[in-house]
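**Q** Fold the following, please.
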Amino acid sequence: MRADDLAEVMAIELRAYPFPWTPGIFRDCLRAGYPAWVLQDRGRIIGYGVLSVAAGEAHVLNLCVGPEVQGQGHGRRLLRALLRIARGQGVVRVFLEVRPSNPQAIALYHDEGFNEIGRRPRYYPAMRGREDAIVMAIELVGESED
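**A** Sure thing, here's the model as predicted:
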């Protein structure tokens with residue numbers, strides 16, 4: 001992901017989430033040097049992922065595919081790419097948060113080897129107050145790539 005991708009990324013972010021990241025958050029991640037990747041199809045961005053890496057651990061900060069192309073394996077491809085990047089940087093554990101109201105994402109993360117390790121109460125903004133986050137993690141040590 002580059003700064004000139006942000007208009008397309010933001011268009012997806014706004015379609016996908018009722019409480020989207022701001023352009024400033026994406027710019028801050030790019031300035032900080034976080035691994036941030038886009039997935040393109042026929043020259044247009046259809047999804048993206050942002051990862052932070054520090055002290056042998058990584059955190060999936062944002063993983064999103066445009067609503068119009070969800071359910072086609074693009075999220076899985078992005079997640080696997082982020083995990084390859086993490087492995088390449090010597091990461092042994094990857095964390096993420098997901099809304100309990102997002103069963104498709106939860107199923108994807110379970111299917112890819114993530115396990116629920118906890119909850120963060122009132123983590124996400126929601127239409128009626130706040131929503132908890134399910135915290136998930138995967139251990140990369142000794143894991144083989146597909």
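**Q** From here on, just use CA atoms for contacts and neighbour counts.
**A** Noted.
**Q** which regions of this protein sit below the pLDDT cut-off?
**A** Counting by pLDDT under 70, the chain shows low-confidence ranges at 142-146.
**Q** And the strands in it?
**A** Secondary structure of the chain (DSSP state E): strands located at 36-41, 44-54, 57-65, 93-98, 115-126, 129-139.
**Q** Could you export those strands as a markdown table, including distance to residue 4 and mean neighbour count?
**A** Compiled in a markdown table, the strands of the chain are given as follows (distance: least, Cα to Cα, whole Å; neighbours: other Cα atoms under 10 Å):
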| stretch | distance to residue 4 | mean neighbour count |
| --- | --- | --- |
| strand 36-41 | 12 | 17 |
| strand 44-54 | 12 | 20 |
| strand 57-65 | 18 | 21 |
| strand 93-98 | 26 | 21 |
| strand 115-126 | 28 | 14 |
| strand 129-139 | 31 | 17 |
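**Q** residues touching residue 22, list them.
**A** For residue 22, the contacting residues are residue 10, taking Cα atoms under 8 Å, 6 or more residues apart in numbering as the criterion.
**Q** Please report how far it lies from residue 13.
**A** Distance of residue 22 to residue 13, computed by Cα to Cα, to the nearest Å: 9 Å.
**Q** go on, residue 82?
**A** Remark: distance between residue 82 and residue 13 (Cα to Cα) = 18 Å.
**Q** So which bits of the biggest helix by length in the chain are buried?
**A** Longest helix in the chain, counting residues (DSSP state H): helix 74-88. The neighbour-count criterion (16 or more other Cα atoms under 10 Å) identifies 74-76, 78-79, 82-83, 85-87 as the buried residues of helix 74-88.
**Q** from these, which is closest to residue 18?
**A** Ranking the buried residues of helix 74-88 by separation from residue 18, with Cα to Cα as the measure, puts residue 75 on top at 18.7 Å.
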